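**Student:** Here is a sequence together with a model predicted from it:
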Amino acid sequence: MPTPDRMAKINELLGQKLSQLIEEDAEELGMLVVVSVDTIRDLSKSHVFLALINPDEQQPADLPAKLKERAYHYRSQLGKTLNLRRIPEFQFHLETQPEVFDSLEATLAELDKESRAS
């Protein structure tokens, strides 16, 4: 079993790679951002928490179904690029909490400020 530090790295890596794959599907899924990933220690399942970048926009009608449909593709792509013994199955959860959006806005503003400074 991976150690807690290793699990944190795996969750971060899965989040980064899933973000890239989901971004490629933005036209179909809308603008989504991976908020967090929580993987079970035996790597059998990952809970992926997503949020719409613009919560005021209406989400695609069948977004949960589309994400579930794309999960196999994402798992397949990650299996080709990541050096993990096992690629977990993904369960997607849409965040609708206002705190999540406030946190995302603060992070985006900070990144914008850093990019302007350099």
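**Tutor:** Structure received. For clarity, every value in this text was computed on a predicted model and none was experimentally measured. Residues are numbered from 1 along each chain as shown.

**Student:** Grab the most central residue of the protein for me.
**Tutor:** Centroid-nearest residue in the chain, with C-alpha atoms, centre = their mean: V34, separated by 2.9 Å.

**Student:** Quick check: that residue vs A65, distance?
**Tutor:** In this view, V34 and A65 are 19 Å apart by C-beta to C-beta, to the nearest Å. (Glycine included, C-beta is placed from N, CA and C.)

**Student:** so the residue nearest to the centre of the chain, which of the three states?
**Tutor:** strand (DSSP: H, G, I helix; E, B strand; the rest coil).

**Student:** which residues does it contact?
**Tutor:** 15, 18-19, 22, 48-50 (C-beta atoms under 8 Å, 6 or more residues apart in numbering).

**Student:** just K45 next, same as before
**Tutor:** Contacts of K45 (C-beta under 8 Å, 6+ apart): 39, 88-91.

**Student:** out of the residues you listed, which one sits closest to E28?
**Tutor:** When those are compared for distance to E28 (C-beta to C-beta), F90 comes out closest, at 16.6 Å.

**Student:** Tell me, how many residues neighbour that closest one?
**Tutor:** The criterion is other C-beta atoms under 10 Å. On that basis, F90 has 21 neighbouring residues.

**Student:** ok, now L52?
**Tutor:** L52, neighbours per other C-beta under 10 Å, totals 22.

**Student:** isn't it right next to A26, touching?
**Tutor:** No: under the criterion of C-beta atoms under 8 Å, L52 is not in contact with A26, lying 10.9 Å apart.

**Student:** Show me whatever sits in contact with both of the two.
**Tutor:** Common contacts of L52 and A26 (C-beta under 8 Å, 6+ apart): L32.

**Student:** So which residues of the chain form strands?
**Tutor:** 32-39, 45-52, 89-94 (DSSP state E).
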